[in-house]
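In: What shape does this take:
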Amino acid sequence: MNWWKTPILMLVALLLGGCTLLPEREPVDRAWYLLELPDEPAARTADEPVAVELGSVRVAPAYAGNGLVYRLGNHQYESDYYNEWFLRPSEQVEQLLRERWTRSGAAIELVDNAAAVREQGRPAIRVHVLITALYGDLDGANGIESNGLAASGTGHMGLRAQLSQGERSRLVHLESEQPLERRSASQLVGALSRATAEVLVDLEDAILEEVGGMDDD
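Out: The predicted structure follows:
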């Protein structure tokens, strides 16, 4: 008797047919974002710009990946797998700085070699950048308030820059916070874009202040 063969053949047919017993899952949409600085505050302008060589642009490990990052608690960060940066944060910040410092009439002029510029008798600074914060800080645990709604919070952007001229060097720490109405990718990117705009202007002010202090020595 071959009665035992019938269930086995049915099972094989189902498996070869694409596992039709398993429920189909809807595909999850993924989205990609870029930092988009608002028109204001704009880059500083000057008749005689300060020469700046842009060195390394690095990001702290917690924010170095492609996913948008939320802070859930002390040393607890969550990366959003479905909402990511189109370019890595280090690439975005470097691109934004280069765009600002190559504009006509800007107070800072991007140069390839600060040392060569100083040899010509003109002040020049080399700048290394470390992004120390780029995340959304949520008020509720895991982004959910007690009433079940998505929590509000703030978008944080922090930057540490090393300003060097020859053997002289100084570190500056710059930060900005912008309100985040709720947990959403578009809200977070908007808050981080506004915060980044403020930090970059503060960085330019620090560079101009540093050159002024060097001139006074």
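In: backbone phi and psi for E198, please?
Out: Phi and psi for E198, reported as degrees, to the nearest 10, are phi -70, psi -40.
In: Kindly report the same for V111.
Out: phi -130, psi 160.
In: out of everything not next to it in sequence, what's closest to it?
Out: A51 (4.7 Å; C-beta to C-beta, 6 or more residues apart in numbering). All C-beta atoms are positioned from the backbone trio N, CA, C, and that covers glycine.
In: secondary structure element for that neighbour?
Out: According to DSSP states H and E, A51 maps onto strand 50-59.
In: which residues sit against that strand?
Out: For strand 50-59, contacts defined as C-beta atoms under 8 Å, 6 or more residues apart in numbering pick out 88-91, 93-94, 97-98, 101, 107-114, 117, 122-131, 134, 162, 207-208, 211.
In: one step back: run a quick neighbour tally on the residue nearest to V111.
Out: Neighbour count of A51, defined by other C-beta atoms under 10 Å: 22.
In: Please apply the same query to R118.
Out: 16.
In: so what's it up against?
Out: So R118 contacts 124, 165-166 (C-beta under 8 Å, 6+ apart).
In: can those go into CSV with extra columns for pLDDT?
Out: Output for the contacts of R118, formatted as CSV (pLDDT from 0 to 100):
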residue, pLDDT
A124, 93
Q165, 90
G166, 85
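In: okay, and for this protein, where does confidence drop off?
Out: 1-28, 39-47, 139-151, 213-217 (pLDDT under 70).
In: 50 - rerun?
Out: Within the chain, the ranges that satisfy pLDDT under 50 run 1, 19-23, 141, 146-149, 214-217.
In: for it, what spans make up the helices?
Out: 5-16, 89-100, 114-119, 185-216 (DSSP state H).
In: chain center to the longest one: distance?
Out: Going by C-alpha atoms, centre = their mean, to the nearest Å, the spacing between the C-alpha centre of helix 185-216 and its chain's C-alpha centre is 14 Å.
In: Run through the neighbouring helices and strands of that helix.
Out: Packing partners of helix 185-216 (3 or more C-beta pairs under 8 Å, 6 or more residues apart in numbering; DSSP states H and E): strand 31-33, strand 50-59, strand 67-73, helix 89-100, strand 108-110, strand 124-138, strand 153-165, strand 168-180.
In: swap the cut-off to 6 Å and go again
Out: Counting contacts by 3 or more C-beta pairs under 6 Å, 6 or more residues apart in numbering; DSSP states H and E, helix 185-216 packs against strand 153-165, strand 168-180.
In: about what we covered before: from the contacts of R118, which would you call buried?
Out: For these, a burial check counting by 16 or more other C-beta atoms under 10 Å picks out 124, 165.
In: Tell me the one of the contacts of R118 nearest N74?
Out: Q165 (37.6 Å; C-beta to C-beta).
In: ok, that closest one touching I125?
Out: Yes: here Q165 reaches I125: they are 5.3 Å apart, a contact under C-beta atoms under 6 Å.
In: if we can go back for a sec, out of the contacts of strand 50-59, which are buried?
Out: 89-90, 93-94, 97, 101, 107-111, 114, 117, 123-131, 134, 162, 207-208, 211.
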